[in-house]
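**Student:** return atomic coordinates for the entry below.
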Amino acid sequence: MTYMENLGKIAKEVTREAIKLSTIEKNEGLLTVAEELLLQKDFILAENQKDMITARKNGMSAPLMDRLLLDEKRIQGMAEGLRQIAALEDPVGEVLSMKTRPNGLRIGEKRVPLGVVGIIYESRPNVTADAFGLCFKTGNVVILRGGSDAIHSNKGIAKAIKDGLKKANLPQEMILLVEDTSRETATEMMKLHGMIDVLIPRGGAGLIASVVKNSTIPVIETGTGNCHVYIDEYANPAMAVEIVENAKTQRMGVCNACESLLIHEQVVAEVLPRLVKCLKSHGIEIRGDERSCSLAAEIIPATIEDWGTEYLGPIISVKVMTSIDEAIAHINRYNSGHSEAIITDRYQHALQFQEEVDAAAVYVNASTRWTDGFEFGFGAEIGISTQKLHARGPMGLKALTTTKYIILGDGQVRG
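**Tutor:** You can find the predicted model right below:
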């Protein structure tokens with residue numbers, strides 16, 4: 001039996017214990033783990049510094065370094081996320097419907113765990129705690145395979161989680177970390193059909209494409225974010241600049257950051273110079289179409305590839321639009337189904353944008369950076385689903401459950 005097959009076997013066996021856990025046991029476990037993360041804060045930070053030193057030696061970009069970095073505030077955030085999950089209603093066991101058929105059978109639909117959830121992710125060690133919390137609350141066992149660049153951080157967090165589960169007298173195997181970060185383990189993990197029930201990739205477009213192409217396990221696609229902000233002809237210019245600044249620069253290496261900027265031709269002469277000044281102050285390279293280049297010398301010509309690129313760094317594309325219809329068509333052609341925003345004071349345009357733009361989250365007069373399970377009130381998220389089957393948008397507790405039919409009879413047989 002291989003290393004990954006052994007993890008899969010352990011996970012399957014633990015599901016029998018996991019499904020028996022009461023809501024009280026799960027909530028107490030989450031609170032104990034949250035406390036343990038804080039108690040082992042110094043150890044986790046020391047482990048994270050090992051990864052940071054390696055990342056600097058390897059020339060990792062600043063936005064990716066930011067994703068990798070842990071500090072006291074982020075560890076407190078992980079602990080608070082677990083507390084919030086504990087405070088949320090437990091969806092497991094919820095009976096969604098119950099109807100009586102003419103033959104007397106009572107047929108209901110009940111929410112149950114998925115079973116074993118596998119997650120392959122890159123660079124963000126906080127995913128280790130978030131994924132555990134959501135899977136644990138929903139009675140799922142989770143197998144986590146992070147990248148080699150965050151291995152010490154992930155091991156430190158996983159140790160704290162396991163120690164917390166042990167203190168709470170709960171099965172420590174509810175979280176299984178793949179400590180072998182070779183490409184072979186990732187490939188084998190994608191083939192553990194029958195051991196892993198669903199696989200969720202969290203990372204860049206390359207990782208997600210690889211998992212979708214090679215997995216024999218059902219996959220939920222997450223994360224890739226070519227997010228747009230469209231500044232409508234009826235936009236408030238000051239609001240537009242503030243929202244674009246936040247959406248692009250607050251954190252550049254995340255999937256809900258703005259990568260593409262569209263501006264209506266009626267306001268471009270007023271808004272674009274202010275945006276250029278603002279973005280340049282943050283060191284952002286601006287790539288634009290011919291019209292925008294003619295209005296600002298700081299903008300360099302864009303290529304057609306720029307309209308569909310998730311930069312995850314200090315670059316943004318800009319294109320001038322002649323109408324809201326053109327903007328919507330452009331977004332639907334080049335977006336990744338993640339988060340899109342319109343800045344407008346025109347009610348009809350806000351409604352049209354939200355109705356016609358095809359994305360998991362569609363904003364009016366707000367930054368795309370709000371697409372986040374914590375901010376949506378889910379405590380944390382397992383990822384941002386950009387597909388349409390099973391789950392879409394920030395994936396909270398209900399997205400980690402499925403349903404089964406429960407049928408109650410009193411001797412009925414079918415003739």
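**Student:** now the helix or strand encompassing Thr15: buried residues?
**Tutor:** Using DSSP states H and E, the element containing Thr15 is helix 3-18. By 16 or more other CB atoms under 10 Å, the buried positions in helix 3-18 come out as Met4, Leu7, Gly8, Ala11, Lys12, Val14, Thr15, Ala18. Where you see a C-beta, it was placed from the backbone N, CA and C, and this is true even at glycine.
**Student:** can you lay out those as CSV showing pLDDT and distance to Val219?
**Tutor:** Shown next, in CSV, are these (pLDDT from 0 to 100; distance: CB to CB, whole Å):
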residue, pLDDT, distance to Val219
Met4, 95, 17
Leu7, 96, 18
Gly8, 96, 16
Ala11, 97, 17
Lys12, 96, 19
Val14, 97, 22
Thr15, 96, 20
Ala18, 96, 22
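**Student:** format those as TSV; extra columns: distance to Ala160.
**Tutor:** Formatted as TSV, the buried residues of helix 3-18 follow (distance: CB to CB, whole Å):
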residue	distance to Ala160
Met4	24
Leu7	20
Gly8	24
Ala11	20
Lys12	25
Val14	19
Thr15	23
Ala18	20
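**Student:** closest to Lys404 among the residues you listed?
**Tutor:** The nearest member of those to Lys404, counting by CB to CB, is Thr15 at 14.2 Å.
**Student:** measure the closest one to Glu245 for me?
**Tutor:** Remark: distance between Thr15 and Glu245 (CB to CB, to the nearest Å) = 46 Å.
**Student:** also Cys135?
**Tutor:** Relative to Glu245, and taking CB to CB, Cys135 is found at 36 Å.
**Student:** what about the helices in the chain?
**Tutor:** Under the criterion DSSP state H, helices of the chain are mapped to 3-18, 23-39, 41-57, 62-68, 72-87, 126-137, 151-167, 183-189, 205-214, 237-249, 268-281, 290-295, 324-334, 347-356.
**Student:** what is the second one packed up against?
**Tutor:** Put plainly, it is helix 23-39. Here helix 23-39 touches helix 72-87, helix 126-137, helix 151-167, going by 3 or more CB pairs under 8 Å, 6 or more residues apart in numbering; DSSP states H and E.
**Student:** let me see the residues that make contact with that helix.
**Tutor:** Applying CB atoms under 8 Å, 6 or more residues apart in numbering, the contact partners of helix 23-39 are 21, 44, 75-76, 78-80, 82-83, 85-87, 90, 92, 129, 132-133, 136-137, 139, 157, 160-161, 163-165, 167-168, 170.
**Student:** next one: it to chain centre, how far?
**Tutor:** Taking CA atoms, centre = their mean, to the nearest Å, one finds the center of helix 23-39 at 23 Å from the center of the full chain.
**Student:** same check on the first one?
**Tutor:** On the basis of CA atoms, centre = their mean, helix 3-18 sits 25 Å off its chain's mean C-alpha point.
**Student:** so which elements touch that helix?
**Tutor:** Checking 3+ CB pairs under 8 Å, 6+ apart, helix 3-18 ends up next to strand 116-121, strand 141-145, strand 175-177, helix 183-189.
**Student:** counting neighbours, which bits of the longest one end up buried?
**Tutor:** For helix 183-189, burial by neighbour count (16+ other CB under 10 Å) applies to Thr185, Ala186, Glu188, Met189.
**Student:** dump the residue contacts of Ala129.
**Tutor:** Counting by CB under 8 Å, 6+ apart, Ala129 touches Leu37, Met78, Ala79, Gly81, Leu82, Ile157, Ile161, Ala380.
**Student:** could you dump the residues you listed into JSON lines with pLDDT, distance to Ser336 and neighbour count added?
**Tutor:** Output for the contacts of Ala129, formatted as JSON lines (pLDDT from 0 to 100; distance: CB to CB, whole Å; neighbours: other CB atoms under 10 Å):
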{"residue": "Leu37", "pLDDT": "98", "distance to Ser336": "32", "neighbour count": "23"}
{"residue": "Met78", "pLDDT": "94", "distance to Ser336": "27", "neighbour count": "27"}
{"residue": "Ala79", "pLDDT": "96", "distance to Ser336": "31", "neighbour count": "23"}
{"residue": "Gly81", "pLDDT": "90", "distance to Ser336": "25", "neighbour count": "24"}
{"residue": "Leu82", "pLDDT": "94", "distance to Ser336": "29", "neighbour count": "29"}
{"residue": "Ile157", "pLDDT": "98", "distance to Ser336": "28", "neighbour count": "30"}
{"residue": "Ile161", "pLDDT": "98", "distance to Ser336": "31", "neighbour count": "28"}
{"residue": "Ala380", "pLDDT": "71", "distance to Ser336": "22", "neighbour count": "28"}
